[in-house]
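[1] this one's sequence-less:
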């Protein structure tokens, strides 16, 4: 379910495309998380802060902490506003926060970060963000961080998208027409089979989610059209089935290699009733009784 | 090759014959030098290591992979000094299971473990190892499992082809006292006292990397270099390569590396097709094999090969490992609804079996093998 995405701690990947943009869904999830009282940090890289904050209420705007990388990504102006260390420094600073309580971190967008950082560094930092087990002071006990990352999937090759998907706990792919957008969600829980769901939703102007029905899974193909089965046993000249009497007769048959006790006795001590077998032979006219010279050409 | 008798002792007379001389010596010829018995257990100077056995084909020392069915497919077990590469399935559900079987077998046989991962803490991995089946209640568990089958037909004793009943089946039940290859219950965790009694070393990459933020430029990825140094230091300090003469009994080091090649290790072969350090993983495997061949250790690596974009890299990685096993799960593919595969969760492909000191290798005749994960067990059938 879309609304339970935030309850799933860890890294959630939102994949959007040109047909169906994902920033509004991201903002809706941010609004929901802010209303729940969680801390929200946004790393904005693609659009300006004003444009991002547009549509949010006053109290939500006060609650979110916005890290602006759009205005001065390379820190040329050297003011305190700009984030030191560039994108990587900003991400690492987010890793190091030690506030207790649930935190939601929204990355807008991962595509921008992938253009500025090597993929492996980003993956390692994302992993560190979503699992904060080894905090230096050891204060964060359970991972309570939810990282929402927006990825424009057309900008990247399949390998990159695959690598990020394998890191994610849930992956939401957006698709849809003008009237309806649908999200196909794949939950990857560790050591469990992944589950898939498709849900239609729409986003209202004030960025609240309006969930519509859940589509049935499309991965159930219909069984092929039933072909008329030809029964090969219809016109046979022999009998395939045994009647009961025949079955009994078959079971009681002693097999030649079956060594029953009677057979053993019969072989060991031949009874008087059994005649020993004999061979009767009458020599033919052409038979040669001399074994040594079969061709008869030795003149002895 | 790390055959037991040549390692560390340096003794001559290594030409052991397959046909061991019988106890009552018929001939007057005497063998000079130490009696290096491959299959002969009365070899005086050899100390047999727990949990290993020599192969019946070529005398190579084998360890169990933890799954007796897999041992059978690999020709008796995993040879000491070799690498078993497991190609992960798409959603990484079944390959960690094989990984854990290997480690659990190491704990039961009292081998030393080295667990390396970039994703999970090795201590957490060890907590989730499956519990072994104990001898007394194992038969009961097995009967329970088979009774759950819905097959109504009774076990018909064969009357005409009765000789075939004497043939061993593919998956035999647990042998009560087998020192090689144990059965594990996946639904239970390994008891804590076994874990505490075992000796293990962990390598968790984010911990090691966080200390040095500066990335050095070298041909091997930083993470791989650290891992190789770690493995080498363990092998040297604990004397698995015979360098420090071990006063205590010889033991095997079981190395398990998880998710090698994924971006979390710092390697970008999964991300792009033409990557900067495309030779990093292959160099790592080469150096690792060199380390393994000169020490008493066996290694299992899982690689997400479905993510690797460059086919040439997959081929090179396969060639550089000794044994390669691929897992293909049916989840999400059209094979899930194929009635042929309805009992199974996936296919297991044995892609390569090594030829160690041999010209031929022991490839099994059966090519299509499927696996299924029952509630308690992972079974391989054909």
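    Perfect, thanks for sending it. Since we're looking at a predicted model, the values are computed, not measured.
[2] direction included, what does the helix or strand containing residue A:105 pair against?
    Taking DSSP states H and E as the definition, one finds residue A:105 inside strand A:103-108. On the basis of DSSP bridges, the sheet neighbours of strand A:103-108 come out as strand A:39-44 (parallel), strand A:145-152 (parallel).
[3] now that strand: average pLDDT?
    Across strand A:103-108, the average pLDDT comes to 88.
[4] just stretch B:203-213 next, same as before
    Along stretch B:203-213, the predicted local confidence has a mean pLDDT of 74.
[5] same deal with stretch B:80-94?
    When the per-residue pLDDT values of stretch B:80-94 are averaged, the result is 89.
[6] counting neighbours, which bits of that stretch end up buried?
    Going by neighbour count (16 or more other CB atoms under 10 Å in any protein chain shown), the buried part of stretch B:80-94 is B:80-94. Every C-beta, even on glycine, is put in place using the N, C-alpha and C of the backbone.
[7] from those, which is closest to chain A?
    The shortest distance between chain A and any of the buried residues of stretch B:80-94, using CB to the nearest CB, involves residue B:91 and amounts to 5.1 Å.
[8] residue contacts, that closest one?
    Contacts for residue B:91 were tallied using CB atoms under 8 Å, 6 or more residues apart in numbering or on different chains; they are A:188, A:193, A:194, B:329, B:331, B:332.
[9] need the max-distance pair from these.
    The most widely separated members of the contacts of residue B:91, counting by CB to CB, are A:188 and B:329 (12.9 Å).
[10] more neighbours, those two?
    Between residue A:188 and residue B:329, counted using other CB atoms under 10 Å in any protein chain shown, residue B:329 has the larger neighbour count: 24 against 20.
[11] beta partners of the more buried one?
    According to DSSP bridges, residue B:346 are recorded as the beta-bridge partners of residue B:329.
[12] quick revisit: make a markdown table from the strands paired with strand A:103-108 and add mean neighbour count and mean pLDDT to it.
    Converted to a markdown table, those look like this (neighbours: other CB atoms under 10 Å in any protein chain shown; pLDDT from 0 to 100):
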| stretch | mean neighbour count | mean pLDDT |
| --- | --- | --- |
| strand A:39-44 | 22 | 88 |
| strand A:145-152 | 24 | 90 |
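[13] now do the strands in the stretch 251-382 of chain B.
    Counting by DSSP state E, counting those that start in this stretch, the segments of the stretch 251-382 of chain B that form strands are B:253-257, B:297-303, B:323-329, B:346-352, B:369-373, B:378-381.
[14] so which of the buried residues of stretch B:80-94 sit within helices?
    Counting by DSSP state H, no part of the buried residues of stretch B:80-94 is found in helices.
[15] so of these, which ones are in strands?
    Assignment to strands by DSSP state E places the following of the buried residues of stretch B:80-94 there: B:83, B:84, B:85, B:86, B:87.
[16] ok, now which ones touch the first one?
    To tie it back to what came earlier, the one meant is residue B:83. Residue B:83 is in contact with B:285, B:288, B:289, B:292, B:299, B:300, B:301, B:321, B:322, B:323, counting by CB under 8 Å, 6+ apart.
[17] can you do 7 Å?
    Residue B:83 is in contact with B:288, B:289, B:292, B:299, B:301, B:321, B:322, counting by CB atoms under 7 Å, 6 or more residues apart in numbering or on different chains.
[18] look up how far residue B:101 lies from the fourth one.
    Right, the one you point to is residue B:299. Counting by CB to CB, to the nearest Å, the separation of residue B:299 from residue B:101 is 15 Å.
[19] list the contacts of residue B:88.
    When contacts are counted by CB under 7 Å, 6+ apart, residue B:88 touches B:95, B:302, B:303, B:304, B:305, B:306, B:327.
[20] surely residue B:222 touches residue B:266?
    Yes. Residue B:222 is in contact with residue B:266 according to CB atoms under 7 Å; the separation is 5.7 Å.
[21] of the two, who's got more company?
    Each of residue B:222 and residue B:266 had its neighbours counted (other CB under 10 Å), and the higher figure belongs to residue B:266 (24 against 21).
[22] which positions in chain B make contact with chain A?
    B:91, B:93, B:96, B:119, B:121, B:159-160, B:206-207, B:263-264, B:266-268, B:270-273, B:304, B:307, B:309, B:331, B:337 (CB under 7 Å from any CB of the partner chain).
[23] just the closest residue of chain B to chain A, please.
    Closest approach of chain B to chain A (CB to the nearest CB) occurs at residue B:263, with a separation of 3.7 Å.
[24] tell me how many other residues crowd that residue.
    29.
[25] and it, what does it touch?
    Contact partners of residue B:263, counting by CB under 7 Å, 6+ apart, are A:119, A:120, A:123, A:163, B:270, B:271.
[26] which among those gets closest to residue A:278?
    Of the contacts of residue B:263, the one sitting nearest to residue A:278 (CB to CB) turns out to be residue B:270, at 84.6 Å.
[27] contacts only, for the closest residue in space to the closest one that isn't next to it in sequence.
    The shortest distance from residue B:270 to any residue that is not its chain neighbour, by CB to CB, 6 or more residues apart in numbering or on different chains, is 3.9 Å, and that residue is residue B:307. With contacts defined as CB under 7 Å, 6+ apart, the neighbours of residue B:307 are A:159, A:162, A:163, A:166, B:270.
[28] restricted to helices, list these.
    Among those, the members falling in helices (DSSP H) are A:159, A:162, A:163, A:166.
[29] interface residues of the stretch 101-250 of chain A facing chain B?
    Near chain B, the residues belonging to the stretch 101-250 of chain A are A:118-120, A:123-124, A:127-128, A:133-134, A:157, A:159-160, A:162-163, A:166, A:188, A:191, A:193-194, A:221 when assessed by CB under 7 Å from any CB.
[30] surely residue B:225 is within a helix?
    Yes. Inclusion of residue B:225 in a helix is indicated when DSSP: H, G, I helix; E, B strand; the rest coil is applied.
[31] count the neighbours of it for me.
    Each residue near residue B:225 was counted by other CB under 10 Å, and the total is 18.
[32] where's it relative to residue B:347, distance?
    The spacing between residue B:225 and residue B:347, counted by CB to CB, is 36 Å.
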